[in-house]
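**Q** quick one, what's the 3D model for this:
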Amino acid sequence: MTTTRQHIEDLDRDEWAALTKRAAAEAVAAAARLGTKPPAVLAVMAAMTEQDLVEHRNRFGPARTRLSPMMQVVEADQLRLAAERRAREAQQDKQDANAAASMAQAEAEQSARAAEEARERARAVEAQAASKDTEWAGERAAARQALERVRAELGRARADAAADAAVARELVSAAEARAEQGIAELAAQRVAAEQTLHTLRAELERVRADAITAAAAAQEKIRAAEARAEQRVAERSAERAAAEQALQEVRAELERVRADTAAEVAAAHQQVRAAEARAVQRFGERAADRAIAQEALQQVRAELERVRADAAAEVAAARGQISGDVEAGQRAAKAEVDRARAEANKAIARAQAEAEQVRADAAAKVAAVRERADSEMAAAREQAEREIAAVREQAEGEIAAAREAADAEVARVRAEADARLAAATPAASPELLTIPIPPPGVRAHTGRIEDALAVVHQIYCVLEAGVADDVGPAGSVDVEEVRRLVKTVQEQAADLSQELRDLPAQYSAAWQVDAAAGYASAAANAYGALLQRISAVTEQLARPDEDTDAEVIELVTTMLAEHPWRRR
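**A** Below is the predicted model:
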C-alpha cells in the first residue's frame, strides 16, 4: 500500500488525472453493476474531464504526503510538546488572572473605604456650612438693627437742628420787639424833651443804626449758626455714610474671609464686632461733641442776649462799650465754633485712623490665619504621606519576607522530593540521553530553549529512522522535512547560548534562580549531546553506495559546520 501511494505521488499531473478519472469511472460502473449508489465524490470525479481534475488539483493543491510511522511518532511528540507548552502558558495566565483579580478586589475595597471617608467629610462640611449660615443670618440681623439705630439717630439730629432754627427765629423776633419798644420809648421821651430832640436825634439815629446793625449781625450770626448746624448735620451724614461704607467694606472683606476658611471667619467676626463697638463709641463721642457744640451755642446766645440787654439799657451812655462787647462776643463765638469744628475734625480723623488700623489689623490677622491654615494643611498632608509610605514599606517588607519564606519552603520540599526520587530510581545507562524538563516554577521563560531541544531531537529522530534496519532504505528520509528543521536550528542557534546564560537572571527568588541554573546546565548538556548524535548518524548515512541521501547529508553537515556550538 505504501509503495502504491509512492507511485501515485510520483506521477505527473496528466498521468494522475487520467488514472484518477479511469479509477473513478470504473468505481461508478462497478457500483452500477452491483445495484448500489456510488459515493457523490466518485460520481463528480467520473463526470469531470482530465483538464478539470488538473485545474482542481492546481487550485487546491495535492493531498498531504503520508508520513512514515517514525515521522508520525516524531510529529506526535512535537505536537505533544507544543500542547504541554500551551497548557503551561494557560496555567500561568490563569495564575496571573487570579492575582490580578485579587489585586483588583483589594483596590475596589480600598476605593469603597475612601469613598465612605469622603462622604463622611462631606457630611461634616455640610453641617459646618449650616452652622455658618446660621451665624451669618444672626450677623445680618444685627447689622440691620445697627442701621435702624443710625437712621433713628439721624432723625433725632434733624429734629434737633429744626428746633435750633426755631429758637433762633424766636430770638430774632424778640430782638425786633425789643427794638420797637426802644423806639417807642424814644418817641415818648421826644414829646417830654423836645429841646434835646434835635441834639439827640442824630445820636438816636446812630443808636438805631447800631441796633439795626446789631440785629443784622445777630441775624447773620443766627444764619451762620444755622448754616454751621446744617453743615455739621451734613458732615455727620457724610461721616455716617463713610462709616456705613467702611462697615460694608469690612463686611465684604469678612465675606471673602468666610469663603476661605472657618478659622478666618471666626477671626474676622471678632474684628467686625470690635469695629462695630468702636463705631458705636465714635457715634457716642460725636453725640458728646454735638452736645458740647450746642452748649457753646447756647452760651453764645446767652452772651448775645446779655449784650443786647446791656445795649438796650445803656444805649445812650455806652455805645462804644456795647460795640466792644458785641465784637468780643462775636470773637468768643467764632473761637468757640472754630474750637468745636477743630475737635470735630480731629474726631473724624481719629475715627478714620482707627478704621484704617482696624482694616489693616483684620487683613494682617486674616493673612496670618490663612498662612497658618496652609502650613497646617501642608504638614498634615506630609504626615499622611509619610504614614502611608511607612505602612506601604512595612507591607511590602512583610510580603517579601512571606514570599521568601514560602520560596524557601518550596525549594526545601522540592529538594527532598528530588533526593527521594534519586534514591528510588536506579542508575541509568551511560548510553542513554535524557532531555530535561523544566520545573513549573521556571517555565515562564524556558519556551525557546525547549523548542530548540525539540527541534534537534526531531532531526536526530528523522536521521536515525533513515539508518534503521526495520524502516527501509536510506532514501526514505524526507529531504523537505530535514531542510525545514535545519533552517529552524540555524535560526535558533544564534541566541541560544545567550538565552541559557540569561535564564537565571529572569528570576528573583533564590530557589527559582537555582532551578533555572540547573535546568540551563542540563539543557546545554542535552543540546550538545544531541548535536554529537546527529553528527554520528550523519556519518552513518554517508555510505558510498547510496546517492539518495546526498542532499540530506549536505544539509546536516553544513548545519553542523556553521553551528556556533560546533565551531568552539
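**Q** CA atoms for contacts and neighbours, from now on please.
**A** Noted.
**Q** you'd agree Leu433 is up against Gly528?
**A** No. Applying CA atoms under 8 Å, one finds Leu433 not in contact with Gly528, separated by 10.9 Å.
**Q** show me the contacts for Asp14.
**A** Going by CA atoms under 8 Å, 6 or more residues apart in numbering, Asp14 touches Glu50, Val54.
**Q** show me where the stretch 51-200 of the chain dips below the pLDDT cut-off.
**A** Applying pLDDT under 70 to the stretch 51-200 of the chain flags residues 61-68, 157, 161, 164-165, 168, 172, 175-176, 179, 182-183, 186-200.
**Q** mind listing the helices for it?
**A** Secondary structure of the stretch 51-200 of the chain (DSSP state H, counting those that start in this stretch): helices located at 69-192, 197-260.
**Q** quick one: closest of the ones you listed to Gly466.
**A** helix 69-192 (9.5 Å; CA to CA).
**Q** just name whatever secondary elements that closest one is in contact with.
**A** The contact analysis (3 or more CA pairs under 8 Å, 6 or more residues apart in numbering; DSSP states H and E) places helix 69-192 against helix 197-260, helix 262-313, helix 447-467.
**Q** tell me the domain ranges of the protein?
**A** 1-66, 140-370, 440-568 (automatic domain parsing).
**Q** could you tell me the least trusted of these?
**A** Lowest mean pLDDT of those: domain 140-370, a mean of 67.
**Q** number of residues surrounding Ala118?
**A** Other residues near Ala118 come to 12 when the count uses other CA atoms under 10 Å.
**Q** now Glu117
**A** For Glu117, the neighbour count with other CA under 10 Å is 12.
**Q** now do the contacts for it.
**A** Listed by CA under 8 Å, 6+ apart, Glu117 has no contact partners.
**Q** same thing but 10 Å
**A** For Glu117, the contacting residues are Ser111, Arg123, by CA atoms under 10 Å, 6 or more residues apart in numbering.
**Q** how close does it get to Gln105?
**A** According to CA to CA, to the nearest Å, Glu117 stands 18 Å off from Gln105.
**Q** before we move on, what about Glu126?
**A** Relative to Gln105, and taking CA to CA, Glu126 is found at 31 Å.
**Q** likewise Ala444?
**A** In this view, Ala444 and Gln105 are 25 Å apart by CA to CA.
**Q** show me where the stretch 401-550 of the chain has its helices.
**A** Assigned by DSSP H, counting those that start in this stretch, the helices in the stretch 401-550 of the chain fall at 447-467, 479-502, 510-541, 550-562.
**Q** can you say which of those is nearest to Gly138?
**A** Closest among the helices of the stretch 401-550 of the chain, using CA to CA: helix 510-541, at 72.4 Å.
**Q** returning to what we had before: need the overlap of contacts for Leu433 and Gly528.
**A** Taking CA under 10 Å, 6+ apart as the contact rule, Leu433 and Gly528 touch no residue in common.
**Q** the closest residue to Pro439 other than its chain neighbours: how many residues sit nearby?
**A** Once flanking residues are discounted, Pro439 sits nearest to Ala515: 7.4 Å by CA to CA, 6 or more residues apart in numbering. For Ala515, the neighbour count with other CA under 10 Å is 20.
**Q** what's the answer for the one 4 residues further on, then?
**A** Summarising burial for Tyr519: neighbours were counted as other CA under 10 Å, giving 22.
**Q** surely it and Pro436 touch.
**A** Yes. Using CA atoms under 10 Å, Tyr519 is in contact with Pro436, at 7.0 Å.
**Q** so what sits against both of the two?
**A** Counting by CA under 10 Å, 6+ apart, the contacts common to Tyr519 and Pro436 are Asn525.
**Q** gap between Thr446 and Glu126?
**A** According to CA to CA, Thr446 and Glu126 sit 60 Å apart.
**Q** quick check: phi and psi at the closest residue to Gly528 other than its chain neighbours.
**A** Nearest residue to Gly528, sequence neighbours excluded (CA to CA, 6+ apart): Trp565, at 7.5 Å. Main-chain torsions, Trp565, degrees, to the nearest 10: phi -70, psi -20.
**Q** what's the neighbour count on Gln128?
**A** 13.
**Q** export the helices of the stretch 51-200 of the chain to TSV and tack on distance to Arg273?
**A** Shown next, in TSV, are those (distance: least, CA to CA, whole Å):
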stretch	distance to Arg273
helix 69-192	10
helix 197-260	10
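**Q** give me whichever of those is most buried.
**A** Most buried of the helices of the stretch 51-200 of the chain by mean neighbour count (mean count of other CA atoms under 10 Å) is helix 197-260; its value is a mean of 16.
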